[in-house]
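>>> got a predicted structure here, sequence first:
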Amino acid sequence: MISRDKTPTAQETFMQMAQAAGLRGRLLVTLGILLLIRMGIHIPIPGINREQFAQAIGGNNQVLSFLDIFSGGGLSALGVFALGILPYINASIIIQLLTAAIPSLENLQKNEGEAGRRKISQISRYVSLGWAIIQSTFLAAFWLNNDRFALHPGPLFVAQTAIALVAGSMFVMWASELITERGVGNGASLLIFVNIVATLPKALGDTISFVETGSRETVGRVVVLLLLFLATIVGIVFVQEGMRRIPIISARRQVGRRVLAEQRSFLPLRLNQGGVMPIIFAAAILSLPLLAQQFIKNPEYSKIVSTYLVPGGSGSWAYVIIYLVSIVFFSYFYSSLIVNPVDVAQNLKKMGSSIPGIRPGRATSEYIERVLNRLTFLGAIFLGLIAIIPTAVETALKVPTFRGLGATSLLILVGVAIDTSKQIQTYVISQRYEGMVKQ
């Protein structure tokens, strides 16, 4: 007999994935949509000379390599899914920032329940559509300004290119939400996960070629970098799984003639409440100046971006500081959205529970807020260091394995994998309860 509270083993999980019709259907839906998105990336945008574009961009363009992470090669391949999930991520950032600033949106999120969250999701879709129109128009105008790229230059070229890009971006957004609702895992995170995985074979091939053409010292540098990446994975798992358990005591209750003794439990507070999203949002914010560089033909602006806002530039210290501050900011921001100390304190008071040594009410909310702020700060700093140190070591060792974004990619890969596996395990545990009810 399997205990219902025991964590599912790998054997049980794979058995449920193969036998349980509900979980198997969700997995098939997820895999089918992901394959469809990958196929759409290679559907070319009409009216563009792909060969001329590839020759002009080249394989060592840091800006394109940075932006291509979120589209899985769609931007460099000039596919209809070139924008990918990036407009939806930017729209989510805008809406979540506005939620904290506009009381009506905050009321929708906190007090309106499921209906309020649906309204916010609908607003996010409209913002994503507007953002996709802006990005696609600028991208089409950039290709139009280069006569070598547009086969038939003119307003019609801009219109049809923008429509194709917007339609592709909206389809990707719809597919991500479909995965979230009917598949396994978070759709947007899984799309980014798959896009990063799609770039790994090329990075691995470049690394092998780099080792074959180098000396013994080159092999040593690559081995050191691989060991550092393994240590980074361990650190990521530590941050994702780190948790502070605050003890909670429930008061004695009388049910009829029976007196129930006080019960002890705990309030779990994660070291990193936002999971992988602070990294994704910070990377998306840093990609905006790089995207604008493609359209703003200003030598001074291009020099500033190439120097201070690109990993590995001469002013990479500024990039490191901005990246670290962005991760800390979004970690605190997501922590405030996920856990509200005032609401937690009120719920504990309603249930007749309390934290030992802490008065119920305001004192409890202040205590939870202090603990949460400390945990978020430690988690954000640790997360930022994990994202920055491998990139710095990669630059110092002069091993261009992942084009300066290996740490961020690794963070997203491990974080999404952990979150998705936990959701699958949760579904397996729910299947145990269903089996017990049927019996």
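Right, received. Where do you want to start?

>>> run through the strands of this structure in chain order.
243-250, 253-255, 258-260, 263-270, 353-354 (DSSP state E).

>>> neighbours of S265, how many?
S265: 12 surrounding residues under other Cβ atoms under 10 Å. For every residue, glycine as well, the C-beta is placed using N, CA and C.

>>> surely it and I248 touch.
Yes: counting by Cβ atoms under 8 Å, S265 touches I248, with 5.0 Å between them.

>>> common neighbours of those two, please.
S353 (Cβ atoms under 8 Å, 6 or more residues apart in numbering).

>>> okay, the strands of the chain, which one's buried deepest?
Of all these, strand 353-354 carries the top mean neighbour count, a mean of 20, counting by mean count of other Cβ atoms under 10 Å.

>>> strand partners of it, parallel vs antiparallel please.
Partners of strand 353-354 in the sheet, by DSSP bridges, are strand 243-250 (antiparallel).

>>> quick check, distance from the strand it pairs with to the centre of its chain.
A distance of 29 Å separates the centroid of the chain from that of strand 243-250, by Cα atoms, centre = their mean, to the nearest Å.

>>> check stretch 163-178 too.
Chain-centre distance of stretch 163-178: 18 Å, with Cα atoms, centre = their mean.

>>> how many neighbours does the closest residue to F281 other than its chain neighbours have?
With sequence-adjacent residues excluded and distances taken as Cβ to Cβ, 6 or more residues apart in numbering, F281 is closest to F330, at 4.7 Å. Residues near F330, counting by other Cβ under 10 Å, number 24.

>>> wait, isn't F330 in contact with P278?
Yes: in terms of Cβ under 8 Å, F330 counts as a neighbour of P278; the distance is 3.8 Å.

>>> residues touching the nearest residue to L165 once chain neighbours are set aside, list them.
Closest residue in space to L165, ignoring its immediate chain neighbours: S136 at 3.6 Å, by Cβ to Cβ, 6+ apart. With contact set as Cβ under 8 Å, 6+ apart, S136 has these partners: L83, T161, A162, I163, A164, L165, V166, S169.

>>> local confidence estimate at S302?
Per-residue confidence (pLDDT) for S302: 77.

>>> between the strands of the chain, which gets nearest to G415?
strand 263-270 (12.1 Å; Cβ to Cβ).

>>> now the lengthiest helix in the chain against strand 263-270, angle please.
Secondary structure of the chain per DSSP state H: the longest helix is helix 362-397. On the basis of axes from the mean of the first three to the mean of the last three Cα atoms, to 10 degrees, helix 362-397 is oriented at 40 degrees to strand 263-270.

>>> for helix 362-397, packing partners?
helix 216-241, strand 243-250, strand 263-270, helix 277-293, helix 316-338, helix 341-350, helix 406-438 (3 or more Cβ pairs under 8 Å, 6 or more residues apart in numbering; DSSP states H and E).

>>> how about these in a markdown table, adding distance to A188 and mean pLDDT?
Converted to a markdown table, the helices and strands packed on helix 362-397 look like this (distance: least, Cβ to Cβ, whole Å; pLDDT from 0 to 100):
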| stretch | distance to A188 | mean pLDDT |
| --- | --- | --- |
| helix 216-241 | 18 | 80 |
| strand 243-250 | 25 | 85 |
| strand 263-270 | 20 | 82 |
| helix 277-293 | 8 | 75 |
| helix 316-338 | 14 | 82 |
| helix 341-350 | 26 | 84 |
| helix 406-438 | 10 | 72 |
